[in-house]
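Trainee: Quick one: sequence and predicted model below, then my questions.
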Amino acid sequence: MWRYAPALPVQHEASIISLGEGMTPLLPARRTGKRIGAADLLIKDDGLNPTGSYKARGLSCAISMCVELGISKVIISSRGNAGSALAAYAAAAGIEARIFLPADVPHANFVECKAFGAQVVLGGKKVEDDWFDLTTPNEPYRIEGKKTAGFEIAEQLGWELPDAIFYPTGSGLGIIGMWKGFAELEALGWIGSKRPKMIGVQPEGRQPVELKAVLESGGTMVSVPGEHLIDAGIRLAGDDGIFGEPDGAACVLAAERLLREGFLKSEDKIVIYNTGSGLKHCEAYSTRFARAASGETDKLGGLITPR
Ligand SMILES: *Cc1c(COP(=O)(O)O)cnc(C)c1O
């Protein structure tokens, strides 16, 4: 990611805290593409980042800025992946970290935070004190790391943006970050004015977000049934060898729907952003396999057993 250092806010090279984040592969998903009717489907696999999620980008940048600004204590409230990434980068920087996680946080995230030496508070409300708060969107630096996702997609496609990008939306900063990245690339003369349709994907029931970038791009927000995500993840893994977070797999369901409805054309170049590794959700995936073994059919129609 730090190949883009001149476009990031860190001034001194010595402040940079890197664990090898970024320049994750943009992989063809041929079988998935065939199944959903997309001739040119690619998956940006950010599950291959340090601590297994795209959160490494924002927190590498934010913790580097903490080093530069002389901040020695940070807190965050997180569903899991931001906590893991913060814990790793804080450890590498020698900064103290206190992390507030929900009581039902995926086990992998809990173990990572502990292993990296962070203070972990489970199920408690974040206490405001004088520690620097890195919770989205309370600080300005994580988005700067996130915009490198946009830089990379452009660079990996030869400076020609795709027709659509699907992104599993939580706070929305991932989409805003890419959008900012594209604007900066155009200002620098690396790309033209063409933009992809930005498509935000959320499981039903999650707090809906509205994003100006999505509207401006001619994209849309899609919600998908939460009970289908695990099966979608298993199907993607079996079809193309990419084991994603359920949230990433949700984007495949959304793409399938928008292709069927004619919002996208089969010849469009479509990028699906897989934001994290399936290994983060071992409990949910293994519960699904146990149910399949005891005869429960798969939500998407008989795809899990037999393979
Ligand atoms: C954080 C996260 C998201 C949401 O990203 P935002 O930038 O908050 O919209 C999606 N998927 C995974 C796996 C995440 O960790």
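Mentor: Nice, I can see it. Just so you know, these numbers come straight off a predicted model, no measurement behind them. Numbering: from 1, shown residues only.
Trainee: Name the residues of the chain found near the ligand, please.
Mentor: Applying C-beta under 6 Å from any ligand atom, we find that the chain lies next to the ligand at 53, 55, 81, 136, 168-174, 245, 247, 275-276. The C-beta positions use only the backbone N, C-alpha and C, and glycine is treated the same way.
Trainee: PyMOL command to pick out the buried ones of those residues?
Mentor: Remark: buried members of these, expressed as a PyMOL selection using 16 or more other C-beta atoms under 10 Å:
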select buried, resi 53+55+81+136+168+169+170+171+172+173+174+245+247+275+276
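Trainee: Quick one, which of the residues of the chain next to the ligand has the minimum pLDDT?
Mentor: By pLDDT, Thr136 ranks lowest within the residues of the chain next to the ligand, coming in at 86.
Trainee: Just want to check the distance between the nearest residue to that residue once chain neighbours are set aside and Arg206.
Mentor: Nearest residue to Thr136, sequence neighbours excluded (C-beta to C-beta, 6 or more residues apart in numbering): Ser171, at 4.5 Å. According to C-beta to C-beta, to the nearest Å, Ser171 stands 11 Å off from Arg206.
Trainee: Same question for Pro25.
Mentor: Where Arg206 is concerned, Pro25 sits at a distance of 28 Å (C-beta to C-beta).
Trainee: Wait, Gly248 touches Ile272, no?
Mentor: Yes: assessed by C-beta atoms under 8 Å, Gly248 is found in contact with Ile272 at 7.1 Å.
Trainee: Report the set of residues contacting both of the two.
Mentor: Ile43 (C-beta atoms under 8 Å, 6 or more residues apart in numbering).
Trainee: per-residue confidence at Pro306?
Mentor: 41.
Trainee: Other residues contacting stretch 8-19?
Mentor: By C-beta under 8 Å, 6+ apart, stretch 8-19 touches 1-2, 5, 50, 56, 60-61, 63-65, 67-68, 88-89, 92-93, 141, 144-145, 148.
Trainee: Same check on stretch 148-161?
Mentor: Counting by C-beta under 8 Å, 6+ apart, 1, 4, 7-8, 22-24, 26, 44, 46, 54, 57, 162, 165, 174, 177-182, 185, 190-191, 194-196, 269, 271, 273 sit against stretch 148-161.
Trainee: ok, which stretches of the stretch 101-250 of the chain are helices?
Mentor: Taking DSSP state H, counting those that start in this stretch as the test, the helices found in the stretch 101-250 of the chain are 107-115, 142-156, 173-187, 212-216, 229-240, 246-260.
Trainee: Would you reformat those helices as CSV and include distance to Lys299?
Mentor: Formatted as CSV, these follow (distance: least, C-beta to C-beta, whole Å):
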stretch, distance to Lys299
helix 107-115, 23
helix 142-156, 30
helix 173-187, 26
helix 212-216, 27
helix 229-240, 5
helix 246-260, 10
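Trainee: Which one of the ones you listed lies nearest to Arg31?
Mentor: Between Arg31 and the helices of the stretch 101-250 of the chain, the shortest gap by C-beta to C-beta is with helix 229-240, which sits at 4.0 Å.
Trainee: packing partners for that closest one?
Mentor: Under the contact criterion of 3 or more C-beta pairs under 8 Å, 6 or more residues apart in numbering; DSSP states H and E, helix 229-240 touches helix 30-36, helix 246-260, helix 282-293.
Trainee: ok, now with 10 Å
Mentor: Where contact means 3 or more C-beta pairs under 10 Å, 6 or more residues apart in numbering; DSSP states H and E, helix 229-240 is packed against helix 30-36, strand 40-45, helix 246-260, strand 269-274, helix 282-293.
Trainee: tell me the most buried of these?
Mentor: Mean neighbours per residue, mean count of other C-beta atoms under 10 Å, is largest over the helices and strands packed on helix 229-240 for strand 269-274, with a mean of 26.
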